[in-house]
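J.: Quick one, fold the following:
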Amino acid sequence: MLKSSFALFTNDVETTSIWFNALRDETGLKVLKEGMPVLLDIYQTYNIKTTFFFTGYIAWHFPDVVKMVIKDGHEVASHGKSHLKENGFDVMPFERQKRHLAETKKLLEDISGQEVVSFRAPALRVNEYTAPALIETGYKIDSSVASQRFDFFLSFGGIRKLKWLTAPRLPYYTAQDSLFKKGEGPLIEVPLSALFLPYVGTTMRIFPGITKIVRQGIHLESSRLNGKPIVFDIHPNEFIDESDEPRIISRRSNNPISYLLQDFFRSQLKVKNLGGNAILLYKKQIEFFAKRDYQFTTLKAYCKQNDFI
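T.: Numbers count the residues shown, from 1 in each chain. Model (predicted):
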């Protein structure tokens, strides 16, 4: 059984504007100037070490966003090249995935001076080529699978994400050709926490009451059943407020049903409790596990401590 009481509060850092449902350099600058300082201050207050997954795009255009996490001892990890739909790892062939992974790894290592070994796919979108591409480019840890989570077809790649429902629940070595199955490959999968519903910043903001129930469930599982680490996912852009600008929802899908569910309806939900309210809600998540003596650490440190790498 795994050593219990670990809380891995992870961060995806990108230029996505939740308010506009689009990628914006203006949002990237606000992440650097507003979102990241707030997030780092929270972690300093609670003496927490975490993993930051950076897209290559934000690292290239705003390298200081990577540098600012180093001094506090956080882990720098890869979040792919960008959140552009065509850069989703569920649509890219093997060689293109390898190129994206290698280029982003080198960029982040050059900026941070750290070896980059952890990866999370943009929007958690992966396919059968992602595991071998990660292995060939020197990654050791993935956190793109959300075991027993169902997104109700509200996220891109929803059909493929149905494989989450049958994915192993505890951290596992993946198969050579699939992140969703156990195998004997060198890559370790550390699944995001979920109990059918996700335990992430978005759900925390939209459904704080339901999030309390999910949180209690995964706490009981970790502390009394199997020692599964708590893996939470937050974005610094959730702590910024762009509502002073007129809102135009960008369309990312050509399919009218997908547009209605994934762009229009989802974007209406996702703007709830941004900014200051998100900060208060996030502190409550941290305090819940801190009061129960969970060890907050990075993915890399967790895997080393539990002899995975």
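
J.: Going by contacts, tell me the helices and strands next to the longest helix along the chain.
T.: Taking DSSP state H as the criterion, the chain has its longest helix at helix 94-112. With contacts taken as 3 or more CB pairs under 8 Å, 6 or more residues apart in numbering; DSSP states H and E, helix 94-112 sits against helix 56-61, helix 64-70, strand 75-78, helix 130-136. The way it works is simple: take the backbone N, C-alpha and C, and place the C-beta from them, glycine included.

J.: Please name every helix or strand in contact with the helix or strand that it is followed by.
T.: Note on helix 94-112: by DSSP states H and E, the next helix or strand toward the C-terminus is strand 118-119. Helices and strands touching strand 118-119, by 3+ CB pairs under 8 Å, 6+ apart, are strand 51-54, strand 75-78, strand 141-142.

J.: got the contact list for the longest helix of the chain?
T.: 54-56, 59-60, 63, 66-67, 70, 76-81, 87, 89, 92, 114-116, 119, 129-130, 132-134, 136-139 (CB atoms under 8 Å, 6 or more residues apart in numbering).

J.: any chance of the helices and strands packed on strand 118-119 in JSON lines, plus distance to residue 202 and mean pLDDT?
T.: Shown next, in JSON lines, are the helices and strands packed on strand 118-119 (distance: least, CB to CB, whole Å; pLDDT from 0 to 100):
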{"stretch": "strand 51-54", "distance to residue 202": "15", "mean pLDDT": "98"}
{"stretch": "strand 75-78", "distance to residue 202": "20", "mean pLDDT": "98"}
{"stretch": "strand 141-142", "distance to residue 202": "21", "mean pLDDT": "98"}
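
J.: need those in JSON lines with mean neighbour count, can you?
T.: Shown next, in JSON lines, are the helices and strands packed on strand 118-119 (neighbours: other CB atoms under 10 Å):
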{"stretch": "strand 51-54", "mean neighbour count": "27"}
{"stretch": "strand 75-78", "mean neighbour count": "28"}
{"stretch": "strand 141-142", "mean neighbour count": "24"}
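
J.: Which among the ones you listed is found nearest to residue 278?
T.: Between residue 278 and the helices and strands packed on strand 118-119, the shortest separation by CB to CB is 17.1 Å, and it involves strand 51-54.

J.: ok, the closest one: who's next to it in the sheet?
T.: Applying DSSP bridges, strand 51-54 is found paired with strand 6-13 (parallel), strand 75-78 (parallel).

J.: Include distance to residue 308 when you put those into CSV, please.
T.: Putting the strands paired with strand 51-54 into CSV (distance: least, CB to CB, whole Å) gives the following:
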stretch, distance to residue 308
strand 6-13, 12
strand 75-78, 15
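
J.: out of these, nearest to residue 287?
T.: Of the strands paired with strand 51-54, nearest to residue 287 by CB to CB is strand 6-13, at 11.2 Å.

J.: and the end-to-end length of stretch 128-142?
T.: Stretch 128-142 has its terminal residues 14 Å apart, counting by CA to CA, to the nearest Å.

J.: Same question for stretch 287-306.
T.: Using CA to CA, the end-to-end distance of stretch 287-306 comes to 24 Å.
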